[in-house]
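Chemist: Quick check, what structure comes out for this input:
(2 chains)
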Amino acid sequence: NAGVTQTPKFQVLKTGQSMTLQCAQDMNHEYMSWYRQDPGMGLRLIHYSVGAGITDQGEVPNGYNVSRSTTEDFPLRLLSAAPSQTSVYFCASTPGTGVHEQYFGPGTRLTVT
Amino acid sequence: AQSVAQPEDQVNVAEGNPLTVKCTYSVSGNPYLFWYVQYPNRGLQFLLKYITGDNLVKGSYGFEAEFNKSQTSFHLKKPSALVSDSALYFCAVRDIGYGNNRLAFGKGNQVVVIP
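Modeler: Purely as a prediction, here's the structure:
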C-alpha cells in the first residue's frame, strides 16, 4: 500500500493564481481531511469529507474548495492564492467506523508571493 | 467545542534521561486522545491513542502516555530518551460525539535530545 500520497511536494504561486493540491489514498478509508500547518499554530482543519459526494467545512475554509468524486481522491483547490495561504498542507484519511487514528500524507509546501 | 493545550514550546532533555511532553485537553463529553510525531519535512506519524480502560497507554518506539481525567491531561512519556527522538510532537483530541476526522490538535512541542 502506498498509503496517503500528495502532489506536488513543493509549489510557488503568485498572488491571484489558482491551483489544485492532489491527495489520494489506497486504504479504502471513508473519511478524508485537509489541514494546514503554520509555525506555532499546530494543524488547522480546512475541509473534510465523510464519503464520496459529501464534504464539509472545517476551521479555516475560506479561500479553498474541495470535492470528493471517488473514495480515493480528495483534491484541494486554491481559488485565488494569497500570501496568507503560504503554509504546509497535509491530507489525511481514516476509517469511518470505530476509533482510529488518521493517516497523513507527506505534505505540500506552498509559497505564495 | 474541543481543544488541546501544549504549554511548552520546546523540551530539552539529555540522552538517557526521562522525557515528558505535557498535554491538557478540553471536551464537552468523554475524550479520545492521540499523540503524533513529526520528523523534519515529513508528515505526522501516529504514536498512541487512548480510547477507554487502562489509564496508561503504550505505543510505538517505547513511548507511553498517562490519561488523567481529573486533571484533563494526557502527558507523553519515555523512560530513556534517544537522540533520534528529537522531533515535533502533537497531542490531539476528539470528543466522543465527533467522527475520526474531527481532531483538534495542539500547537506542538519541539523535543530536543542532547547527546
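Chemist: Quick one: the strands in the chain, in order.
Modeler: Picked chain A for this. In chain A, the segments counted as strands under DSSP state E are A:4-7, A:10-13, A:19-25, A:31-38, A:42-51, A:54-57, A:64-66, A:76-78, A:87-94, A:103-104, A:108-112.
Chemist: sorry, should have said chain B
Modeler: In chain B, the strands defined using DSSP E lie at B:3-5, B:10-14, B:19-21, B:24-26, B:31-38, B:44-50, B:56-58, B:64-68, B:73-78, B:87-95, B:104-105, B:109-114.
Chemist: pLDDT of stretch B:42-51, averaged?
Modeler: For stretch B:42-51, mean pLDDT rounds to 93.
Chemist: What of stretch A:5-22?
Modeler: Mean pLDDT, stretch A:5-22: 97.
Chemist: cool, stretch A:58-78 as well?
Modeler: Throughout stretch A:58-78, pLDDT has a mean value of 96.
Chemist: gap between the two ends of that stretch?
Modeler: 15 Å (CA to CA, to the nearest Å).
Chemist: chain center to stretch B:50-69, what's the gap?
Modeler: Here the centre of stretch B:50-69 is set off from its chain's centre by 10 Å, with CA atoms, centre = their mean, to the nearest Å.
Chemist: typo on my end, it should be stretch A:37-45
Modeler: 13 Å.
Chemist: now the strands of chain A as a markdown table including distance to B:Val111?
Modeler: In short, each C-beta sits where N, CA and C put it, glycine included. Putting the strands of chain A into a markdown table (distance: least, CB to CB, whole Å) gives the following:
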| stretch | distance to B:Val111 |
| --- | --- |
| strand A:4-7 | 24 |
| strand A:10-13 | 26 |
| strand A:19-25 | 28 |
| strand A:31-38 | 17 |
| strand A:42-51 | 15 |
| strand A:54-57 | 33 |
| strand A:64-66 | 31 |
| strand A:76-78 | 30 |
| strand A:87-94 | 19 |
| strand A:103-104 | 19 |
| strand A:108-112 | 22 |
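Chemist: can you redo these as a markdown table with distance to chain B and mean neighbour count?
Modeler: Below are these laid out as a markdown table (distance: least, CB to the nearest CB, whole Å; neighbours: other CB atoms under 10 Å in any protein chain shown):
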| stretch | distance to chain B | mean neighbour count |
| --- | --- | --- |
| strand A:4-7 | 8 | 18 |
| strand A:10-13 | 10 | 14 |
| strand A:19-25 | 11 | 19 |
| strand A:31-38 | 4 | 24 |
| strand A:42-51 | 4 | 21 |
| strand A:54-57 | 10 | 14 |
| strand A:64-66 | 13 | 19 |
| strand A:76-78 | 14 | 18 |
| strand A:87-94 | 4 | 24 |
| strand A:103-104 | 4 | 22 |
| strand A:108-112 | 8 | 18 |
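Chemist: quick revisit: including mean neighbour count and distance to chain A, could the strands of chain B go into TSV?
Modeler: Listed next are the strands of chain B as TSV, based on neighbours: other CB atoms under 10 Å in any protein chain shown; distance: least, CB to the nearest CB, whole Å:
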stretch	mean neighbour count	distance to chain A
strand B:3-5	16	8
strand B:10-14	14	11
strand B:19-21	20	14
strand B:24-26	18	13
strand B:31-38	24	5
strand B:44-50	20	4
strand B:56-58	14	12
strand B:64-68	18	13
strand B:73-78	20	14
strand B:87-95	23	6
strand B:104-105	22	4
strand B:109-114	17	10
